[in-house]
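Engineer: let me see the structure of the following:
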Amino acid sequence: MKDTFFQYIHDLQDHITSKLEEVDGKAKFQEDIWKRPEGGGGRTRVIQNGNVFEKGGVNISGVHGKLPKSMQAYFNVGDVDFFACGLSLVLHPKSPMVPTVHANWRYFEMYDQDGTVVNQWFGGGQDLTPYYLFEEDAKHFHQVCKTACDKHNPEFYPKYKARCDEYFYNTHRNEARGIGGLFFDYCKASDDMTMQNWYNFVTEVGDSFLDAYVPIVEKRKALSYNDEQRNWQEIRRGRYVEFNLVHDKGTLFGLKTNGRIESILMSLPPHVQWVYDHQPEVGSEEEKLLEVLKNPVDWVNL
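Structural biologist: Residues are numbered from 1 along each chain as shown. Down below sits the predicted model:
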């Protein structure tokens, strides 16, 4: 399974970066191949200073070795080996009218001292973080997510949408990072789902990403904006940074397993602000966004 999924994310990275370069029309992805001393490595691709994307990355990695003691306690296991691979992407557009997007699809294995697989699972998801709320965009993104889920189980979308709303939440701010999407983890074999079934589901979601995001970018990238709207974007990016550095499990795992720091922190935007006690104008589009971020919305049935 690990070889099959690793090949899948290689191919998916090529497909996604090729399409994003076409959408941007100017910038190209810079590629870095890196090795992890303890085992494995990855292929980082970063796009910067484009017509559409101010900064973004589409990274794949496959790492293996002894599970660090700090992570043994996290997973409640003893001395085991592990293999982890995945694709992780974050895109920060230049225009505040175009939302930031994040996605991740991953696979994990643990082995005993004899090399036998003792645990394996899939995880991942995709979520949208707008700076100005266009309800039709939110509906579109969530409908694509639901369609992908419904092909495998009609219970998946409401279940994983709720988990996304719960996970991507800045508890210290009492607000969501964005308008959600999907989040699933520890997807293991059961009576209802084999590992092949989970592979089929996760790759379905991965294949749906461009359909979920690119039409929104194409619709909004040419809209005009002013300095005040750009400032709002940078203030909201600060909330994005706070989540990634305070709450995100993927960032924590990368830091504790000696991952490549440039790849791990690729998700951080190049321009960001923290304005003391900033409050949007009453009745403004900025306030409208904050009101939505306080409570999850059922976008597909709105």
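Engineer: and G25, how many neighbours does it have?
Structural biologist: Residues near G25, counting by other Cβ atoms under 10 Å, number 10. Glycine gets a C-beta too; all of them are placed from N, C-alpha and C.
Engineer: which residues does it contact?
Structural biologist: Listed by Cβ atoms under 8 Å, 6 or more residues apart in numbering, the contact partners of G25 are G50, N51, V52.
Engineer: if you set the cut-off to 7 Å instead, what comes out?
Structural biologist: Contact analysis of G25 by Cβ atoms under 7 Å, 6 or more residues apart in numbering lists N51.
Engineer: if I look at it, how far off is E54?
Structural biologist: Using Cβ to Cβ, to the nearest Å, G25 is found at 14 Å from E54.
Engineer: what does L210 give?
Structural biologist: Look at L210 and E54: by Cβ to Cβ, they are 19 Å apart.
Engineer: ok, these two, which is more surrounded?
Structural biologist: Taking neighbours as other Cβ under 10 Å, L210 and E54 compare with E54 leading, 22 against 17.
Engineer: check the more buried one and give its pLDDT.
Structural biologist: Among the per-residue scores, E54 holds a pLDDT of 98.
Engineer: next: T17.
Structural biologist: Note for T17: predicted pLDDT of 98.
Engineer: so who does it touch?
Structural biologist: F29, R45, V58.
Engineer: OK, contacts around the second one?
Structural biologist: What it means is R45. Neighbours of R45 in contact, by Cβ under 7 Å, 6+ apart: Q13, T17, F29, Q30, E31, G57, V58, N59.
Engineer: that one: helix or strand, and which one exactly?
Structural biologist: Assigned by DSSP states H and E, R45 falls within strand 40-48.
Engineer: same deal with the last one?
Structural biologist: Taking DSSP H and E as the criterion, the element that holds V58 is strand 53-66.
Engineer: paired strands for that strand, with orientation please.
Structural biologist: Strands adjacent to strand 53-66 in the sheet, as given by DSSP bridges, are strand 40-48 (antiparallel), strand 81-93 (antiparallel).
Engineer: dump those strands to JSON lines, plus distance to T129.
Structural biologist: Output for these, formatted as JSON lines (distance: least, Cβ to Cβ, whole Å):
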{"stretch": "strand 40-48", "distance to T129": "18"}
{"stretch": "strand 81-93", "distance to T129": "9"}
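Engineer: run the chain-centre distance for stretch 270-286.
Structural biologist: 24 Å (Cα atoms, centre = their mean, to the nearest Å).
Engineer: among the strands paired with strand 53-66, which is the most enclosed?
Structural biologist: Greatest average neighbour count among these goes to strand 81-93 (a mean of 23), per mean count of other Cβ atoms under 10 Å.
Engineer: OK, contacts around G42?
Structural biologist: Each residue near G42 by Cβ under 7 Å, 6+ apart is listed here: W34, N59, I60, S61, G62, R260, S263.
Engineer: redo that, cut-off 10 Å
Structural biologist: Listed by Cβ atoms under 10 Å, 6 or more residues apart in numbering, the contact partners of G42 are 32-36, 59-63, 85-88, 259-260, 263.
Engineer: could you do M110 as well?
Structural biologist: Neighbour list for M110: 67, 75, 77, 80-84, 116-121 [criterion: Cβ under 10 Å, 6+ apart].
Engineer: can you give me the strands in this structure?
Structural biologist: Listed in chain order, the strands found in the chain under DSSP state E are 30-35, 40-48, 53-66, 81-93, 100-111, 117-129, 169-170, 175-176, 180-187.
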